[in-house]
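> Show me how the following folds:
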Amino acid sequence: MLKWSVSLPLTLTLAACGQLATVAPTASQTAPPALLTPQGQTSIRNADPSVLRVGSTYYSVESDGNNIYTRAAGSVDALAAAPRVLIWASAKNLPNVWAPEIVREPADGRYYVYFAAGDGGGGQRMYVSSSASPGSGYGDPQRMVLPDDRWAIDGTAFTFGGTRWFVWSGWAGTTNGEQNLYVARMNTPTSTTGARYIISQPREGWEQADPSPPTRVNEAPEPIVDPSGQLHIVYSANGSWAANYCLADLRLSSGGDPTNVWAWYKSNGCLFGSNGSLMMSGWDPTLNVNGPGHHSFVLLNGDVSTSPPSGSRFPLMFHAVPKSLNYTWGNRSWYSGTFMWWGNTAYTRGPGNGPTSNTGWSLKFFE
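The predicted structure is shown next:
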């Protein structure tokens, strides 16, 4: 991808990557000019990036399907040129290593890598390994015993409201057909306690865009806290095997209980995607890539409460396929991009338990 930089007023910068929201922006969104910084495709031909910043160093984790590696660099874009360091090689009876997530636990300062492994089918379960250093020294992973012991992938841990949480994509039962998002409380960085609670199902029309799919998909949940202190879970919808893959948002109502599905409000369409017919009103499709998804907010120490203030743009990584190539898993690459908070945005839903509309912060994503 051509990399370029030009100083533009904020409104023009947003128009280049997504139309202005139909709701009124806040003062902090209209006042300062912004610099459109160089972003684009990295040379990492892989999927499912996970990146955090420790001091001035950026660390990433990735899988080749059987092993897990870390990289370390002085910037997000420099990760592609950094050497891969093997931190775990799977045993023969533990293949299909998917989507490792690196998390720093604030209570003990250790780093935890959560990942799924198993038979590639109904046997996929979550595992975790830890180290005192983000780039090396990880021990043998242990299997996480999640509530109900069902198929589980894409799990990650975070702290919100003084409680440690685990969020993942899973099945309700023992057969495929629908991937839902679940949360559970954690009593240690490696174990959950109590029940699991469903917070999202792929039931909206724009989440069912794939014709005759093997499953409907909500996956790759990534938590982040907005400038008002409300929790968001940004996730990937539709199948990763097609260009309808996109990012969408779940916003927890102010003071809401994360275990109460009715306390969550879903964006009314994709917020970052390549199919214009699936986008939320006021959000435009991507210009250069197809199927952007399974992203990583690049936060200091991976702390979801250190998200950027309104008006600023901060880095993220995501995977996608360039529009010049056929959309296949093998053509996916890591991309660097940016995101920012976008205020006064209403998410609406049908009648049920609670108000049908909730207004608050949403997100804008940039290639």
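
> in the strand or helix carrying Ser236, what's buried?
Assessed by DSSP states H and E, Ser236 sits inside strand 231-237. Using 16 or more other CB atoms under 10 Å as the test for burial, strand 231-237 gives 231-237. All C-beta spots, glycine's among them, are computed from the backbone N, C-alpha and C.

> Then stretch 264-272?
Buried residues in stretch 264-272, counted by 16+ other CB under 10 Å: 264-272.

> ok, now stretch 154-166?
154-160, 164-166.

> got a list of contacts for that stretch?
48, 98-99, 101, 103, 105-107, 112, 114, 116, 126, 144, 146, 167-169, 183-187, 189, 192, 219-223, 225, 231, 258, 294, 303-305 (CB atoms under 8 Å, 6 or more residues apart in numbering).

> picking up where we left off before, output the contacting helices and strands for the strand holding Ser236.
Under the contact criterion of 3 or more CB pairs under 8 Å, 6 or more residues apart in numbering; DSSP states H and E, strand 231-237 touches strand 191-200, strand 216-225, strand 246-252, strand 289-297, strand 357-366.

> Relative to Ser56, which of these is closest?
Closest to Ser56 of the helices and strands packed on strand 231-237, according to CB to CB: strand 289-297, at 17.9 Å.

> Sheet partners, orientation included, of the helix or strand just after the closest one?
Next helix or strand after strand 289-297 toward the C-terminus (DSSP H and E): strand 314-322. Within its sheet, and counting by DSSP bridges, strand 314-322 is paired with strand 289-297 (antiparallel), strand 333-348 (antiparallel).

> can you map out the helices along this protein?
Remark: helices assigned in the chain by DSSP state H are 10-17, 27-30.

> picking up where we left off before, can you add mean pLDDT and mean neighbour count and give the strands paired with strand 314-322 back as a markdown table?
Below are the strands paired with strand 314-322 laid out as a markdown table (pLDDT from 0 to 100; neighbours: other CB atoms under 10 Å):
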| stretch | mean pLDDT | mean neighbour count |
| --- | --- | --- |
| strand 289-297 | 98 | 26 |
| strand 333-348 | 96 | 22 |
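
> and Tyr327, which of those is closest to it?
strand 289-297 (5.3 Å).

> Check the offset of the closest one from the chain's centre.
Computed by CA atoms, centre = their mean, to the nearest Å, the separation of strand 289-297 from the middle of its chain amounts to 8 Å.

> can you check stretch 236-251 too?
For stretch 236-251, the distance to the chain centre is 10 Å (CA atoms, centre = their mean).

> Need the CA coordinates for it. CSV is fine.
Provided in CSV are the C-alpha atoms of stretch 236-251 (Å, rounded to 0.1, in the frame of the first residue of the first chain):
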residue,chain,number,x,y,z
SER,A,236,-15.6,-9.3,14.5
ALA,A,237,-18.8,-10.3,12.8
ASN,A,238,-19.5,-12.5,9.8
GLY,A,239,-17.1,-15.3,8.7
SER,A,240,-13.4,-14.7,8.5
TRP,A,241,-13.5,-16.7,5.2
ALA,A,242,-15.2,-13.9,3.3
ALA,A,243,-14.9,-10.2,2.6
ASN,A,244,-18.0,-9.5,4.8
TYR,A,245,-15.8,-9.8,7.9
CYS,A,246,-16.0,-6.6,9.8
LEU,A,247,-15.7,-4.9,13.2
ALA,A,248,-18.8,-4.0,15.3
ASP,A,249,-19.3,-2.6,18.8
LEU,A,250,-21.0,-3.6,22.0
ARG,A,251,-21.4,-0.7,24.5
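
> how about that stretch: buried residues?
Residues of stretch 236-251 classed as buried: 236-240, 242-251 (neighbour count, 16+ other CB under 10 Å).

> hang on, the earlier thing: worst average pLDDT in the helices of the chain?
Lowest mean pLDDT of the helices of the chain: helix 10-17, a mean of 30.

> Apart from its neighbours in sequence, what residue is nearest Ala209?
Closest residue to Ala209 apart from its sequence neighbours, by CB to CB, 6 or more residues apart in numbering: Asn244 at 4.1 Å.

> er, Glu207 I mean
Ala237 (4.5 Å).

> That neighbour touches Pro202, doesn't it?
Yes - shown here, Ala237 and Pro202 form a contact pair, counting by CB atoms under 8 Å, at 6.3 Å.

> Name the residues contacting each of these two.
217-218.
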